[in-house]
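[1] dropping the sequence and predicted coords here.
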Amino acid sequence: MCGISGILNHNNARVLTEKMISAQHHRGPDSNGLYSGSDGRVCLGHNRLSIIDLSENGKQPMYSSDNRYVIVFNGELYNYREIREELKHTFEFKTQTDTEVVLKAWIKWGKDCLDKFLGMFAFAIWDLEKEVLFAARDRFGVKPFHFSKVGDTLAFASEIKAIWETGLLEKEPAEDMWAEYFVNARYDHTRSTFWKGVEKLDAGSYFTWSLKEGLHISKWYSLSEKIVPDSRSEADVMDELLSLLEDSVKLRFRADVPVGICLSGGVDSSLLFALVQRIKGKDFPVHAFTFYTDDDRYDELPWVQQIIKGSSAVLHKCLLRADSIPGMAERLSGFMDEPYGGIPTLGMSRVFETAAESGITVLLDGNGIDEGWAGYDYYRTAEEVDFNRGPVQQAKQQVYLSQTLKKDFLDFLPSSAPQRFHPDPLLNLQIRDIVQTKIPRSMRFADRNSMANSLELREPFLDHRIIELGLNQPASVKVNGREGKLLVRELAKKLIPEHISAAPKRGVQTPQREWLANELSPWVEEELEKMLTGKFGHWFIKDKVNEQWRAYLSGRYDNSFFIWQWLNFSIMNYL
């Protein structure tokens, strides 16, 4: 897990790349590396967080044996040992790293190597002979890749702030993205970012760049094309699911540093804990981390303590207090660069901070299985979902902010029709959530949040084999009128206590609604005033904003997300 960066075709490439490396120090504090071409116009940068092969041999940028190719790699290739076996008769290996496997797999198979990879990754390879850059991103966009084209210069980096640091472009909000965010609560659904001039490489995509040919982007993985209806018995599918889950968790324990897990009281993390015990043994002292707020209405500590009861797990309880929120929100905004989830995301930040302080460098988390196996409540009524608006969980009232925005700003709102991925309503919704809404944004939150603490987060349930298996099942084994991810729950009953496996799906819980209206209301009002009187205050109708805020304080809404949208905007634009 690292940070990557690069400048191509610029007279001052080395100096600009050094600035990007410095801006991403938190992504890889163990060492920095830089490649500079002979004419000084092409540079690649790397920040290293040492996970596999901790020796000096693992440092990047890494070169091919003939020095023709140089790679910067961020992420993990979990099946690197198996691919190395395939390649050992063709190449001599000098390190024990997965980076060297990625480079040599690409040399042998070109872009087709991507289909062989099990992992999360974003990497770039410079061909010194042809002067062509090849870059690729993993199937579900777990690892980030941002880029900007400024004239004939290309800049890329793991994080947006690194590109700003070069001075090639200013930090300027993209009105269309902010309008979409405020009006429809949609974000991370296109290649665009919230900032002008900065794009991201789509998940499952690659590009080539040369000064002569320019930039060409292509898809290498399409989830919609993987739909092949599965007519096997439920028993056979359950056997395969268990086998894949075990293999996925086992692969993600490959590391030369300590590995722990995130744990809540829900089915997903309980299943993850059970799988860890099956693989590592019941006496394995896995370090488990969970946050709590000292509010019995929301905290999951009692559930977590039941899950680990009788095991050798070491539980780390991470307290999140209301008075810490303003400082944490400002700090995390500086790492995120774009809007992020509310106080639950700050709760996870406490988890990552505590894990890093405890000497844990890698954590496993439970994201992905709800999307792949239809766990969310709205999957049960997929035909009724409004595709124009992003899903906001844990609230009966959906509050959108068009009435608080001035008409000239609303004119920036994109008018594109929602994309359709499959004729079946459930599959259409699942694919949307994986490629456009829930997974893209949750992976962005998770990456920036964990890397802010120099910690690697791995997602065993987001293995593409598990996702594809779920999508290919008939609706009858995924949802009914009362609950979702039915087959996963049936499997969970075999591995975890029934009162946990039968628990309803619930999001990460915090007293966000209550805190914003009470303990944190002075902070909210301060940020709203800053937003309304600042550089972009002309976007908003002041009276309408204040009216909505007063309505929220009066208890009219059970949804606090729209308050967080304003806070995100204020903090992001006035840091």
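    Yep, it's here. None of the values given here were measured: they were computed from a predicted structure.

[2] give me the low-pLDDT residue ranges for the protein?
    1, 388-398, 498-508, 575 (pLDDT under 70).

[3] looking at it, which helix is longest?
    helix 234-251 (DSSP state H).

[4] buried stuff in that helix?
    237-238, 241, 244-245, 247-251 (16 or more other CB atoms under 10 Å). All C-beta spots, glycine's among them, are computed from the backbone N, C-alpha and C.

[5] centroid-nearest residue for this structure?
    Met443 (1.1 Å; CA atoms, centre = their mean).

[6] so what touches the helix or strand containing that one?
    Using DSSP states H and E, Met443 sits within helix 438-451. Where contact means CB atoms under 8 Å, 6 or more residues apart in numbering, the residues beyond helix 438-451 that reach it are 1, 3, 26-27, 49, 140-144, 159, 187-189, 203, 332, 335-338, 340-341, 345, 348-349, 352, 363, 365, 367-368, 371, 391, 433, 456-457, 459, 462.

[7] can I get that helix in CSV, CA atoms only?
    Coordinates of each C-alpha in helix 438-451 appear next as CSV, following Å, rounded to 0.1, in the frame of the first residue of the first chain:
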residue,chain,number,x,y,z
LYS,A,438,-22.0,2.7,-2.9
ILE,A,439,-18.8,0.9,-3.7
PRO,A,440,-17.0,3.8,-5.4
ARG,A,441,-17.6,6.2,-2.6
SER,A,442,-17.1,3.7,0.2
MET,A,443,-13.8,2.6,-1.3
ARG,A,444,-12.7,6.3,-1.6
PHE,A,445,-13.6,7.0,2.0
ALA,A,446,-11.8,3.8,3.2
ASP,A,447,-8.7,4.4,1.2
ARG,A,448,-8.1,8.1,2.3
ASN,A,449,-9.3,7.3,5.8
SER,A,450,-6.9,4.4,6.4
MET,A,451,-4.0,5.9,4.5
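
[8] mind listing what's buried along the helix or strand that it is followed by?
    Using DSSP H and E, the helix or strand that directly follows helix 438-451 along the chain is strand 456-458. Within strand 456-458, the residues that count as buried by 16+ other CB under 10 Å are 456-458.

[9] how about the secondary structure of Leu215?
    strand (DSSP: H, G, I helix; E, B strand; the rest coil).

[10] is it true that it touches Leu154?
    Yes - between Leu215 and Leu154 a contact is recorded at 6.9 Å, counting by CB atoms under 8 Å.

[11] quickly list what's touching both of these two.
    With CB under 8 Å, 6+ apart as the test, Leu215 and Leu154 both reach Trp209.

[12] those two: which is more packed in?
    Leu154 (24 against 14; other CB atoms under 10 Å).

[13] residues touching the more buried one, list them.
    Per CB under 8 Å, 6+ apart, neighbours of Leu154: 6-9, 133, 147-148, 209, 215.

[14] the same query, at a cut-off of 10 Å, please.
    6-10, 42, 133, 135, 147-148, 168, 207, 209-211, 214-215 (CB atoms under 10 Å, 6 or more residues apart in numbering).

[15] can you show me the strands along the stretch 101-250 of the chain?
    With DSSP state E, counting those that start in this stretch, the ranges of strands along the stretch 101-250 of the chain come out as 119-127, 132-137, 146-150, 153-157, 199-200, 205-210, 214-219.

[16] looking at those, which is nearest to Tyr181?
    Closest of the strands of the stretch 101-250 of the chain to Tyr181 is strand 199-200, at 15.5 Å (criterion: CB to CB).

[17] packing partners for that closest one?
    strand 146-150 (3 or more CB pairs under 10 Å, 6 or more residues apart in numbering; DSSP states H and E).

[18] give the partner strands of the strand it packs on in its sheet and their orientations.
    strand 153-157 (antiparallel), strand 199-200 (antiparallel) (DSSP bridges).
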